[in-house]
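**Student:** sequence? don't have it. structure:
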């Protein structure tokens with residue numbers, strides 16, 4: 001059975017999309033069949049991280065919402081390892097001036113649910129990762145509610161802590177709430193990862209918490225390449241692998 005995982009943050013700049021790209025790559029390395037749906041219409045970056053040039057993209061997720069194409073036409077297979085055929089299906093979003101209208105189409109007409117059904121009917125997938133746009137509105141609540149897992153990404157910042165508390169509370173109030181996971185990203189070197197992790201587990205009453213340190217190479221790459229491919233033996237890759245494994249359980 002395919003697992004649906006939504007990745008969310010209370011505001012932009014937490015490294016959410018970069019984290020998704022790296023986790024998807026690690027999951028593909030584990031032999032999992034992966035698709036990423038980019039619904040971050042505010043600042044879509046998944047296609048850029050996987051070096052999918054806009055000139056290569058004939059149809060976007062936006063076009064599917066407008067019923068201009070099929071799900072096959074918006075699913076772009078990205079080869080992550082030519083030697084063993086590892087690939088990830090990327091469904092890219094395009095930013096635009098009418099984001100509100102796009103979101104209304106996405107949720108009010110249940111086009112997201114339809115797209116997931118179409119993807120499942122077309123591809124044999126193990127995991128679908130959904131890159132949600134930042135903030136908490138009615139539209140994001142719908143997506144969280146249909147997910148098996150909710151991965152909330154935040155930075156060690158008071159505003160992130162406050163915003164994430166709201167997301168966690170809303171997720172727990174849903175009739176069929178997803179399994180909650182927290183990822184504290186870009187932790188400065190003066191903090192002890194174990195202490196930060198313990199603090200978050202207590203603050204959010206969450207058993208599954210991951211703490212990722214600030215790594216200069218990771219920050220430098222950002223949306224330019226996949227860190228775990230460039231640095232497979234790095235200790236940050238080891239930590240990211242732990243998250244990827246947890247997502248398959």
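**Tutor:** Received it, and whenever you're ready, just let me know what you need. All figures in this text were calculated on a predicted structure; none of them were measured in a lab. Residues are numbered from 1 along each chain as shown.

**Student:** Would you map the strands across this protein?
**Tutor:** Using DSSP state E, the strands found in the chain span residues 3-8, 34-38, 76-81, 86-91, 127-131, 149-154, 179-187, 209-213.

**Student:** so where's the longest helix in this structure?
**Tutor:** Determined from DSSP state H, the single longest helix within the chain is helix 158-173.

**Student:** Run through the neighbouring helices and strands of it.
**Tutor:** Judged by 3 or more C-beta pairs under 8 Å, 6 or more residues apart in numbering; DSSP states H and E, helix 158-173 is in contact with helix 138-145, strand 149-154, strand 179-187. Glycine gets a C-beta too; all of them are placed from N, C-alpha and C.

**Student:** so which of those gets nearest residue 3?
**Tutor:** Closest approach to residue 3 among the helices and strands packed on helix 158-173 (C-beta to C-beta): strand 149-154, 6.8 Å.

**Student:** related to what we said a few turns ago, got the strands of the chain as CSV, with mean pLDDT, distance to residue 53 and mean neighbour count columns?
**Tutor:** Listed next are the strands of the chain as CSV, based on pLDDT from 0 to 100; distance: least, C-beta to C-beta, whole Å; neighbours: other C-beta atoms under 10 Å:
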stretch, mean pLDDT, distance to residue 53, mean neighbour count
strand 3-8, 95, 24, 22
strand 34-38, 95, 15, 25
strand 76-81, 86, 11, 16
strand 86-91, 92, 12, 21
strand 127-131, 96, 19, 24
strand 149-154, 95, 26, 26
strand 179-187, 95, 27, 21
strand 209-213, 96, 29, 20
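
**Student:** Rebuild those strands as a markdown table, extending it with distance to residue 61.
**Tutor:** Formatted as a markdown table, the strands of the chain follow (distance: least, C-beta to C-beta, whole Å):
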| stretch | distance to residue 61 |
| --- | --- |
| strand 3-8 | 15 |
| strand 34-38 | 6 |
| strand 76-81 | 11 |
| strand 86-91 | 5 |
| strand 127-131 | 10 |
| strand 149-154 | 20 |
| strand 179-187 | 24 |
| strand 209-213 | 28 |
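
**Student:** List just the one of those that sits closest to residue 23.
**Tutor:** Nearest to residue 23, of all the strands of the chain, is strand 127-131, at 7.1 Å by C-beta to C-beta.

**Student:** Contacts for that closest one next, please.
**Tutor:** With contact meaning C-beta atoms under 8 Å, 6 or more residues apart in numbering, strand 127-131 is reached by 2-7, 16-17, 20, 23-24, 27, 32-40, 44, 46, 116, 119, 143, 147, 247-248.

**Student:** go again using 6 Å as the cut-off
**Tutor:** 3-7, 17, 20, 24, 32, 34-38, 40, 46 (C-beta atoms under 6 Å, 6 or more residues apart in numbering).

**Student:** Would you check which pair of these lies furthest apart?
**Tutor:** Distance extremes for these: the farthest pair is 32 and 40 at 22.2 Å, using C-beta to C-beta.
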